[in-house]
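S.K.: sequence and predicted model, in that order:
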Number of protein chains: 2
Amino acid sequence: MTSWPWQALRYAAQNRERILTELSEFASIPSISGDPVRSADVRAAAEWMAHRFRVLEFQRVEILETAGHPVVFAEAAAVGKPAATVMVYGHYDVQPPDPLGDWKTDPFTATQVGDYLHARGVSDMKGQIIACLAAVEAAVSTGALPVTVKFVVEGEEEIGSPSFGSLLEKHRDLLSCDLVLNCDAGMLGSECPTIVYGLRGMYECLLAVRGPVRDLHSGGFGGVVHNPIHALSQVIAGFHDEAGRVAIPGFYDRVRPISSEEHEEMSRLPLDETFYMEQTGVRALWGEPGFLPAERVGARPTLDVVQVKAGSPKSAIPAEALALVTVRLVPDQVPDEIAALFKRHVACHVPETVTWDIPEAWGYPPSITDRHSRGVRALAGALETVWSTPPVYHREGGSINAVGEIQRVLGADSVLSGFSLPGDNVHGPNERLHLPTWDRGIAALIHFLSNLASA
Amino acid sequence: MTSWPWQALRYAAQNRERILTELSEFASIPSISGDPVRSADVRAAAEWMAHRFRVLEFQRVEILETAGHPVVFAEAAAVGKPAATVMVYGHYDVQPPDPLGDWKTDPFTATQVGDYLHARGVSDMKGQIIACLAAVEAAVSTGALPVTVKFVVEGEEEIGSPSFGSLLEKHRDLLSCDLVLNCDAGMLGSECPTIVYGLRGMYECLLAVRGPVRDLHSGGFGGVVHNPIHALSQVIAGFHDEAGRVAIPGFYDRVRPISSEEHEEMSRLPLDETFYMEQTGVRALWGEPGFLPAERVGARPTLDVVQVKAGSPKSAIPAEALALVTVRLVPDQVPDEIAALFKRHVACHVPETVTWDIPEAWGYPPSITDRHSRGVRALAGALETVWSTPPVYHREGGSINAVGEIQRVLGADSVLSGFSLPGDNVHGPNERLHLPTWDRGIAALIHFLSNLASA
């Protein structure tokens, strides 16, 4: 058994060019879940995956229908008694490629340029799915898969996974597992293997401030009615205090404190002021005082107005002003509680000359994983074997809906990692995948499967 | 000579249906100056006017070219020694008809419904131009025009008259006049003939607040960079104090005080709190304390952000946030001075975590007319003759660029009036013209010409 991972690694290396060709083929399908025109392409990507699983003679391959785009399910049975059942989560859908004019290559023709493969979705996350598949194929083909693997690959991650929760509920038995591998998080640098153990949750809402019944000429009415843009601006200006703290009473009450051990670790991450200054090009950083940048992004909640829609160039006082508000939550904040605090705060701050309401709102909870779990230990060892350095542990500022839903419905924790890099232009033009890192990723995933056998 | 106006009035009454047909024809030309696709229609409206002037055998008819849409010039010589030279200012361009779906009739098919003619531009201001033309035609046709009349009808009023000032400069001699009749102001009610003696000026600018070099994922960066939407909202919230005064230091310094006589008159205008509550549907009025609503709109300066453009639904912290700011000025404020005060205020209020600039700005001065001038007296008498009540004197909250430009270049004051009503839906869907008021308007304009002979 000890010689196994090396056979599998050799298999992966020998088949590397074919696997890369398959990734290129997969990445060339424009499976843009947010574009209704592309729904046939989204399904084509699901079919492509199912076909691959069938070619590899997985025991069970199914395309599971949802209210939206389908989920691909495929199960590979362990050789002998399974050491565990591992769900490999992924998503085969991608972001739209716009602005198209900024691409140097066609976004849906995978193109190798030096060490990189360029295409929309190649890093987020078709390359990651193919890496997982390559590792399982290598294990299966060398006759030694130690765990049962269930691939669950959805087609709606980029639009917020609206159907995923009910799919899990419907297929609870089929999808049951001990732990989940999710390679949709990334690395902090090519020499910095990373395990994400916390994700922020979300409360997002549309806040509408309404004034006059119709748009009013700013000459004929400027001076007698309160402009909803001014009233909304007052409310937005009141979301934070001068120091940068969220000013909503009770907002931080449930936030789990950062332990001194965690603080120590976070201060060692390559996410210092210089990193954020370089990434953003701002004159000065900003945020809640008393916390490291990495803590403010990963372990502290934040509130950002991500869009204001109000008025027109017509020189009128508009009838309404809209703000789209995104609140990123951390353990142990609860979306419904934050929604209530938010509403109470707005009610206190909207002037009486206008009205307001929240026509849309949604949210999902934050998540945090036990860093000493079997899955995390197996992956940490695998990453250290390949990179010769232990992984860093990171609390990611973003949100992955599926992680919370799997925890809620199936009770299984996710091990979050992945082999995308900060410069991969995920969601932007010229998305790319660093192939040497991807190769190391495949190797690490083979070691992960092997480690689970003995963990 | 005393019998003349009655002959002209009879002529106008006898030709009323033909003149209404001409207005319907004129109003059916979609001369939308703000829509590049419509530039041929804008020119067609100019040609239509020129053709009318030629049919009426005006002494001189010219289409004067500008950098933008042309200006129609037509001169009708007085019979005998002219008592004065009167410019009749007008604009043949109209606003876009959107939202199209809210129209009950086709915006460019003039449709009579009861006492109203419906079409885009029929009130603002094609109906007003045709009323002026009908009065002059009646005077010419009855052989007794007592003044020289110069029609100057531009095609860019609805886009801020960008070419008008330089046109006046270029044709200074051709356009010279003693006074200007401008029927682009309206009446406060159908039984309330109105002379406008003050117009607010304008300082308008685009304020840009810039943060990170690119849009940033609000999960990955929320908490470390200052969101330009928040910074801009702080600045907007700081434009007014809690009471509703503009908080820019020095803003009110040059504002001419309202005399007790003027205050007395303004308190009698049908522009009280009830009027503004009904017109706007707001819960409560708002504005600078210590002034009547009519004073706040007409005789006090105001500041309104008419548009905020920032962000997208993509849940990103945007690279920039833009506000379009409209400042309405009153005598003796100076646009350049207000621009400087505005900039100084913004510089003090933008946080240091972001940058800002003003990529676009423009402005023009406020204007106020001598209420005892010859033109005002002639028109006041004419209105009183027709309505059997003296006109009210009103300071309009809006701005008409041409009035200030004519004063600046030609040194001539405008007499501002017109026969549009508050319910005419000017700039909105279902614009209409109240024909009985329009008929009275034509009669009043004939009396105006007559009064000028003896004034």
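M.R.: Arrived safely. Numbering: from 1, shown residues only, chains lettered A, B, ... in the order given.

S.K.: can you give me the strands for the stretch 351-455 of chain A?
M.R.: Listed in chain order, the strands of the stretch 351-455 of chain A (DSSP state E, counting those that start in this stretch) span A:355-364, A:367-368, A:392-396, A:414-416, A:432-434.

S.K.: against which helices or strands is the third one packed?
M.R.: Just to be clear, that refers to strand A:392-396. Contact analysis of strand A:392-396 by 3 or more CB pairs under 8 Å, 6 or more residues apart in numbering or on different chains; DSSP states H and E lists strand A:194-199, helix A:260-268, helix A:293-298 as its packing neighbours. In short, each C-beta sits where N, CA and C put it, glycine included.

S.K.: format these as CSV; extra columns: mean pLDDT.
M.R.: Listed next are the helices and strands packed on strand A:392-396 as CSV, based on pLDDT from 0 to 100:
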stretch, mean pLDDT
strand A:194-199, 94
helix A:260-268, 92
helix A:293-298, 95
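
S.K.: so for chain B, which of those sits nearest?
M.R.: Checking the helices and strands packed on strand A:392-396 against chain B by CB to the nearest CB gives helix A:293-298 as the closest, at 3.5 Å.

S.K.: mind putting the helices and strands packed on strand A:392-396 into JSON lines with distance to chain B and mean neighbour count?
M.R.: Putting the helices and strands packed on strand A:392-396 into JSON lines (distance: least, CB to the nearest CB, whole Å; neighbours: other CB atoms under 10 Å in any protein chain shown) gives the following:
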{"stretch": "strand A:194-199", "distance to chain B": "9", "mean neighbour count": "24"}
{"stretch": "helix A:260-268", "distance to chain B": "13", "mean neighbour count": "13"}
{"stretch": "helix A:293-298", "distance to chain B": "4", "mean neighbour count": "25"}
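
S.K.: distance of the residue of the stretch 101-250 of chain A found nearest chain B from B:Val330?
M.R.: Closest to chain B within the stretch 101-250 of chain A is A:Gly219: 2.9 Å, counting by CB to the nearest CB. Using CB to CB, to the nearest Å, A:Gly219 is found at 11 Å from B:Val330.

S.K.: on that earlier part again, could you dump the helices and strands packed on strand A:392-396 to CSV with distance to A:Glu22?
M.R.: Converted to CSV, those look like this (distance: least, CB to CB, whole Å):
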stretch, distance to A:Glu22
strand A:194-199, 26
helix A:260-268, 38
helix A:293-298, 34
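
S.K.: my guess is A:Leu145 contacts A:Lys81, does it?
M.R.: No. Counting by CB atoms under 8 Å, A:Lys81 is not a contact partner of A:Leu145; they are 11.9 Å apart.

S.K.: let's have the strands of the stretch 351-455 of chain A in TSV, adding mean neighbour count and mean pLDDT.
M.R.: Output for the strands of the stretch 351-455 of chain A, formatted as TSV (neighbours: other CB atoms under 10 Å in any protein chain shown; pLDDT from 0 to 100):
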stretch	mean neighbour count	mean pLDDT
strand A:355-364	15	94
strand A:367-368	22	86
strand A:392-396	22	91
strand A:414-416	27	95
strand A:432-434	26	98
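
S.K.: quick one: which of those is nearest B:Ala443?
M.R.: strand A:355-364 (45.7 Å; CB to CB).

S.K.: the closest one close to chain B?
M.R.: Yes. With CB under 8 Å from any CB of the partner chain as the criterion, chain B is reached by strand A:355-364 at A:Thr355.

S.K.: please state the offset of the helix or strand of chain A with the lowest mean pLDDT from the chain centre?
M.R.: Least confident helix or strand of chain A, by mean pLDDT, DSSP states H and E, is strand A:367-368 with a mean of 86. In terms of CA atoms, centre = their mean, to the nearest Å, the centre of strand A:367-368 is found 13 Å from the chain centre.

S.K.: packing partners of it?
M.R.: So strand A:367-368, by 3+ CB pairs under 8 Å, 6+ apart, packs with strand A:194-199, helix A:401-410.

S.K.: export the ones you listed to TSV and tack on distance to A:Arg16?
M.R.: Below are the helices and strands packed on strand A:367-368 laid out as TSV (distance: least, CB to CB, whole Å):
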stretch	distance to A:Arg16
strand A:194-199	23
helix A:401-410	29
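
S.K.: okay, A:Ser399: pLDDT?
M.R.: Listed pLDDT for A:Ser399 reads 82.

S.K.: phi, psi for it please.
M.R.: Note on A:Ser399: backbone dihedrals following degrees, to the nearest 10 are phi -130, psi 140.

S.K.: tell me, how many residues neighbour the residue in the stretch 301-450 of chain A that chain B sits nearest to?
M.R.: Nearest residue of the stretch 301-450 of chain A to chain B (CB to the nearest CB) works out as A:Gly398 at 3.0 Å. A:Gly398 is flanked by 21 other residues according to other CB atoms under 10 Å in any protein chain shown.

S.K.: got the CA coordinates for the helix or strand harbouring A:Leu174 in PDB?
M.R.: For A:Leu174, the enclosing helix or strand under DSSP states H and E is helix A:172-175. Provided in PDB are the C-alpha atoms of helix A:172-175 (Å, rounded to 0.1, in the frame of the first residue of the first chain):
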ATOM      1  CA  ARG A 172     -29.900  13.400   1.000                       C
ATOM      2  CA  ASP A 173     -29.100   9.700   1.000                       C
ATOM      3  CA  LEU A 174     -27.400   9.600  -2.400                       C
ATOM      4  CA  LEU A 175     -25.200  12.500  -1.400                       C
END
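
S.K.: pull out the buried residues from it.
M.R.: Neighbour counts using 16 or more other CB atoms under 10 Å in any protein chain shown place A:Leu175 of helix A:172-175 among the buried residues.

S.K.: ok, residues contacting that helix?
M.R.: The contact list for helix A:172-175 (CB atoms under 8 Å, 6 or more residues apart in numbering or on different chains) reads A:73, A:87, A:150, A:152, A:168, A:409-410.

S.K.: show me which of those residues are buried.
M.R.: Here, 16+ other CB under 10 Å leaves A:73, A:87, A:150, A:152, A:168, A:409-410 buried among the contacts of helix A:172-175.

S.K.: go back to those and keep what's next to chain B.
M.R.: Applying CB under 8 Å from any CB to those, none is adjacent to chain B.

S.K.: report the contact partners of A:Ser176.
M.R.: A:85, A:410.

S.K.: kindly apply the preceding question to A:Asn15 instead.
M.R.: By CB under 8 Å, 6+ apart, A:Asn15 lies in contact with A:134, A:137-138.

S.K.: again, 10 Å this time
M.R.: Applying CB atoms under 10 Å, 6 or more residues apart in numbering or on different chains to A:Asn15 gives the contacts A:22, A:134, A:137-138, A:141, A:442.

S.K.: do A:Gly298 as well
M.R.: A:196-200, A:258, A:262, A:266, A:269, A:271, A:291-292, A:328, A:330, A:394-398, B:219-220, B:223.

S.K.: for A:His69, see how far away it is.
M.R.: 30 Å.

S.K.: now the helices: where do they sit in the stretch 1-150 of chain A?
M.R.: Assigned by DSSP state H, counting those that start in this stretch, the helices in the stretch 1-150 of chain A fall at A:4-14, A:16-27, A:39-55, A:127-141.

S.K.: what helices or strands is whichever helix in chain A runs longest leaning on?
M.R.: As assigned by DSSP state H, the longest helix anywhere in chain A is helix A:435-454. When contacts are defined as 3 or more CB pairs under 10 Å, 6 or more residues apart in numbering or on different chains; DSSP states H and E, helix A:435-454 packs onto helix A:4-14, helix A:16-27, strand A:85-91, strand A:116-118, helix A:127-141, strand A:179-182, helix A:374-387, strand A:432-434.

S.K.: partner strands of the last one, with direction?
M.R.: Meaning strand A:432-434. Next to strand A:432-434 in the sheet, as set by DSSP bridges, lie strand A:116-118 (antiparallel).

S.K.: for the strand it pairs with, which outside residues touch it?
M.R.: Strand A:116-118 has contacts (CB under 10 Å, 6+ apart) with A:20, A:23-24, A:27, A:103-107, A:109-112, A:122-123, A:126-127, A:421, A:423-425, A:429-438.
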